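Colleague: Let's see this in three dimensions:
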Amino acid sequence: MKYHKIDSKLFIKNRKNFASQMKPNSLAIFNSNDIYPTSADGTMPFEQHRDIFYLSGVDQEESVLMLFPDCPNYELREVLFVRETNDHIAVWEGEKLTKEAAFATSGIKTVFWLQDLEKVLFEMASYCDTFYINTNEHYRAKVETETREDRFTKWLLAKYPAHSVAKSNPILQRLRSVKDAIELDLMQQACNITEKGFRRLLQFVKPGVWEYEVEAELLHEFVRNRSKGFAYTPIIASGNNANVLHYIENNQECKAGDLLLLDVAAEYANYKSDLTRTIPVSGRFSERQKAVYNSVNHVKKEATKLLVPGVFWKEYHVEVGKIMTSELLKLGLIDKADVQNEDPKWPAYKKYFMHGTSHHIGLDTHDYGLIHEPIKANMVFTVEPGIYIPKEGFGIRLEDDVVVQEKGEPFNLMKNIPIEADEIEDLMNQ
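Modeller: This next block holds a predicted model:
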């Protein structure tokens with residue numbers, strides 16, 4: 001892996017927290033992701049399943065984690081299975097985890113080769129009453145591909161039909177949404193790498209540059225700082241492209257007078273950052289562009305203050321909507337009649353700001369978190385308001401990642417990344 005070794009005490013703590021919420025006499029199982037094919041003998045780059053990584057730190061395919069806190073055989077209370085390595089694999093694919101390396105990574109003492117899984121599981125199943133299976137219940141999930149986890153669950157329940165079944169996901173949603181200090185440090189490193197990329201761009205962007213050239217500059221800076229690359233598919237949208245919320249073609253020329261919306265960020269050690277900035281291609285905002293920009297920035301600052309413990313998701317977005325409505329009135333984009341006659345299900349401000357303001361972020365860009373439960377300290381959220389004006393040929397979105405505090409305003413992990421309009425202009429014209 002490109003990233004520095006993570007202290008195994010993070011994963012030891014995560015397993016302890018998960019085990020404390022399991023039912024008595026139960027066994028939880030977590031699988032690595034598949035390596036997904038493209039065509040012929042091609043494959044996509046491996047991306048580890050975030051749950052097994054969260055609980056073990058193992059970042060390798062064909063790995064399985066089993067947790068059985070009440071197992072009468074003490075050695076089987078935490079078990080890790082990894083693919084057996086050999087000289088042939090080392091030559092063709094690179095070195096895989098040895099049992100010793102798996103222990104050093106995870107803190108799990110009992111490590112078996114994957115070929116022993118069915119035999120060991122048989123003993124563990126004879127002791128337990130309940131299996132915890134790991135289903136994807138994220139509120140944004142839409143999965144059409146059968147995963148390795150899905151296949152394993154089918155096999156497990158067919159093999160052991162008399163066992164009760166429980167779900168790991170609700171436990172993980174709550175645990176993963178509240179970050180440990182080590183996790184916050186990893187996310188800060190991802191944000192710091194993102195900062196390096198953004199500052200590089202401020203010296204690079206000018207009329208005549210193409211969106212894909214901007215993408216290349218970012219990738220260069222991210223990878224040279226130990227990131228695998230982009231935390232998500234980059235959006236590099238000049239001019240009216242910014243009004244397409246998920247514009248990812250990145251194939252147009254950046255022209256004089258246009259704004260360039262950059263929704264781009266780095267990952268580090270599988271932890272994500274999520275940044276949006278909007279900059280003037282020519283190095284200066286027009287008066288109108290700056291007015292809209294400053295309104296978006298004002299909404300972002302005020303929205304950030306609302307992210308405090310105890311607040312509920314729906315209430316937060318209603319309050320942000322009120323702030324945005326006030327700014328749109330000032331800009332002349334809506335009037336009082338629009339507000340008075342608005343549909344409560346789709347308020348007037350939604351014409352120019354149609355997406356949500358925030359989402360959890362962590363191991364996933366849209367991270368785990370139960371949005372019907374109140375916000376807690378050490379949750380990490382994006383704050384990303386925008387105003388999109390197709391008739392005027394530009395859209396503006398600004399976004400930072402912030403950590404909810406026990407008291408006071410959230411801590412901004414991106415506080416060192418330039419955002420004020422005047423600072424952006426000064427840096428672009430050095």
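
Colleague: Contact partners for the residue nearest to Tyr232 when sequence neighbours are not counted?
Modeller: Counting by CB to CB, 6 or more residues apart in numbering, Thr365 is the residue found nearest to Tyr232 once chain neighbours are left out, at 4.7 Å. Yep, even glycine has a C-beta here, placed from its N, CA and C like the rest. When contacts are counted by CB atoms under 8 Å, 6 or more residues apart in numbering, Thr365 touches Ala231, Tyr232, Lys272, Asp274.

Colleague: and the last one, what is it in contact with?
Modeller: Asp274 is in contact with Ala231, Tyr232, Asp263, Ala265, Ile361, Thr365, Thr382, Glu384, Glu399, Asp401, counting by CB under 8 Å, 6+ apart.

Colleague: can you list the residues you listed in JSON lines and add secondary structure and pLDDT?
Modeller: Formatted as JSON lines, those follow (DSSP: H, G, I helix; E, B strand; the rest coil; pLDDT from 0 to 100):
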{"residue": "Ala231", "secondary structure": "coil", "pLDDT": "98"}
{"residue": "Tyr232", "secondary structure": "coil", "pLDDT": "98"}
{"residue": "Asp263", "secondary structure": "strand", "pLDDT": "98"}
{"residue": "Ala265", "secondary structure": "coil", "pLDDT": "98"}
{"residue": "Ile361", "secondary structure": "coil", "pLDDT": "98"}
{"residue": "Thr365", "secondary structure": "coil", "pLDDT": "97"}
{"residue": "Thr382", "secondary structure": "strand", "pLDDT": "98"}
{"residue": "Glu384", "secondary structure": "coil", "pLDDT": "98"}
{"residue": "Glu399", "secondary structure": "strand", "pLDDT": "98"}
{"residue": "Asp401", "secondary structure": "strand", "pLDDT": "98"}
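
Colleague: Just name the closest of these to Leu172, please.
Modeller: Ile361 (15.6 Å; CB to CB).

Colleague: which intervals of this protein have sub-threshold pLDDT?
Modeller: Counting by pLDDT under 70, the low-confidence segments of the chain come to 87, 90-92, 94.

Colleague: In it, where's the longest helix?
Modeller: Counting residues, the longest helix found in the chain (DSSP state H) is helix 181-204.

Colleague: Could you identify the helix or strand that succeeds that one?
Modeller: Going down the chain from helix 181-204, the next helix or strand is helix 211-223, by DSSP states H and E.

Colleague: Could you identify the helix or strand that succeeds that next one?
Modeller: Sequence-wise, the next helix or strand downstream of helix 211-223 (DSSP H and E) is strand 235-238.

Colleague: Neighbouring strands of that following strand in the sheet, and parallel or not?
Modeller: Strand 235-238 pairs in its sheet with strand 259-263 (antiparallel), by DSSP bridges.

Colleague: What angle do helix 181-204 and the strand it pairs with make with each other?
Modeller: Angle of strand 259-263 versus helix 181-204, following axes from the mean of the first three to the mean of the last three CA atoms, to 10 degrees, is 160 degrees.

Colleague: what's downstream of strand 259-263, the next helix or strand?
Modeller: Following strand 259-263 in sequence, per DSSP H and E, is strand 267-268.

Colleague: Is it possible to get CSV of the contacts of Thr365 that adds distance to Arg284?
Modeller: Putting the contacts of Thr365 into CSV (distance: CB to CB, whole Å) gives the following:
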residue, distance to Arg284
Ala231, 30
Tyr232, 30
Lys272, 32
Asp274, 27
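
Colleague: Quick one, which of the residues you listed are buried?
Modeller: Buried members of those, scored by 16 or more other CB atoms under 10 Å, are Ala231, Tyr232, Lys272, Asp274.

Colleague: how about the second one, what does it touch?
Modeller: Going back to what we said before, that points to Tyr232. Neighbours of Tyr232 in contact, by CB under 8 Å, 6+ apart: Ala265, Lys272, Asp274, Thr365.
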